[in-house]
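1. how would this look folded up:
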Amino acid sequence: AREAERQAEAARRELVAGIGRDLRSPLAGIRGMTDALIDGVVHRPGEVTEYLERIRQETVRMAGMVEDLFQLSRATSAALRLPAERLALGEIASDAVAAEAAASAAAGVSVAAENPACWPTVLGSDADLVRVLRNLLSNAIRHTPAGETVSISAGTRGVEAWLAVQDACGGIPEADLDRIFEPGYRGTAARTPDESSGAGLGLAIAKALVEAQQGRITVRNEPPGCRFEITLPTADVPAGAV
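-> Model prediction:
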């Protein structure tokens, strides 16, 4: 128990340090650009517009990090109780794909859903399940090369339903697979962090929200990339039976 507590404390410190580093870079950029504007170093209308747009982009990026922290805190709260509604996985996928359409278009990545009209109905929270799938899609799109496809599929196994996101990232190093859902962990090699990778909390949030809905989330390497799979109770199974 003491060893587990030490590991948890070390993980929290690593997370705080990592987010501190992530926030420091955009803050330094914003400060430098605002100083340039105030001091008149940048004064031509076109340059001013460019600086203001860059400042806006950095503030949006930081706001996303803060929102991720809030969602992680909420998702891992012992007091969290999510509603168990009947949800059509095809509709959940449609909402998530629409929300990530701009990101996939900008990345040149196609997102395809396989026969969503025939997907099962599950018990879960609508908004939270959409957030989980958006996190998985965002992660998949970010690591899939332009011109490739991210595919979404679903089905049932006995009393459980599954929803899978398959990307074309080239695979996750075996050393990273066991840690991929840890808060702040962004891995190496094929999943090297970049400016668009945020605070590295998306997969940790997804895991916590899925588990709060009596589900599971797993990942495995499957050519041409990796496959993230969510498992949830079907709507025909009473909450708590699985």
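2. biggest helix in the chain by residues?
-> helix 2-38 (DSSP state H).
3. which other helices and strands contact that helix?
-> If contacts are counted by 3 or more Cβ pairs under 8 Å, 6 or more residues apart in numbering; DSSP states H and E, helix 2-38 sits against helix 45-75. Placement of C-beta: from N, CA and C, glycine included.
4. in the helix it packs on, what's buried?
-> 51, 55, 58, 61-62, 65, 68-69, 71-72, 75 (16 or more other Cβ atoms under 10 Å).
5. what's the following helix or strand after it?
-> Under the assignment DSSP states H and E, the closest C-terminal helix or strand after helix 45-75 is strand 85-88.
6. pLDDT averaged over that following strand - what is it?
-> Throughout strand 85-88, pLDDT has a mean value of 92.
7. what distance separates it from the middle of the whole chain?
-> With Cα atoms, centre = their mean, to the nearest Å as the basis, strand 85-88 stands 22 Å off its chain's centre.
8. Give the buried residues for that strand.
-> For strand 85-88, by 16+ other Cβ under 10 Å, it's 87-88.
9. who's in contact with it?
-> For strand 85-88, the external contacting residues (Cβ atoms under 8 Å, 6 or more residues apart in numbering) are 119, 121-126, 129, 235.
10. Pick out the residue closest to the middle of the protein.
-> residue 135 (2.6 Å; Cα atoms, centre = their mean).
11. May I ask which helix or strand of the protein has the lowest mean pLDDT?
-> When each helix and strand of the chain is scored by mean pLDDT, DSSP states H and E, helix 2-38 comes last, with a mean of 79.
12. related to what we said a few turns ago, now the contacts of strand 85-88 as CSV including distance to residue 96?
-> As requested, the contacts of strand 85-88 are arranged in CSV below (distance: Cβ to Cβ, whole Å):
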residue, distance to residue 96
119, 13
121, 16
122, 14
123, 18
124, 13
125, 14
126, 11
129, 9
235, 19
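13. From those residues, which land in helices?
-> Per DSSP H, the contacts of strand 85-88 map to helices at 126, 129.
14. Identify the farthest-apart pair in the contacts of strand 85-88.
-> Greatest spacing in those, by Cβ to Cβ: 119 and 125 (17.3 Å).
15. These two: who's more crowded?
-> residue 119 (23 against 18; other Cβ atoms under 10 Å).
16. pLDDT at residue 57, what is it?
-> The model's pLDDT for residue 57 equals 88.
17. Now do the residue lying farthest from the centre of the chain against residue 140, distance only.
-> Relative to the centre of the chain, the most outlying C-alpha is that of residue 40, 39.8 Å out, by Cα atoms, centre = their mean. Per Cβ to Cβ, to the nearest Å, residue 40 is found 45 Å from residue 140.
18. what's near enough to touch the nearest residue to residue 34 once chain neighbours are set aside?
-> Among residues not flanking residue 34 along the chain, residue 55 sits closest, at 6.8 Å (Cβ to Cβ, 6 or more residues apart in numbering). Applying Cβ under 8 Å, 6+ apart to residue 55 gives the contacts 30, 33-34.
19. now swap in residue 47 and tell me
-> Neighbours of residue 47 in contact, by Cβ under 8 Å, 6+ apart: none.
20. rewinding a little: any chance of the buried residues of helix 45-75 in TSV, with distance to residue 217 too?
-> Listed next are the buried residues of helix 45-75 as TSV, based on distance: Cβ to Cβ, whole Å:
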residue	distance to residue 217
51	41
55	36
58	31
61	26
62	27
65	22
68	17
69	20
71	15
72	15
75	12
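21. coming back round to it: helix 45-75 and the longest helix of the chain, what's the angle between them?
-> Helix 2-38 and helix 45-75 meet at an angle of 160 degrees, taking axes from the mean of the first three to the mean of the last three Cα atoms, to 10 degrees as the criterion.
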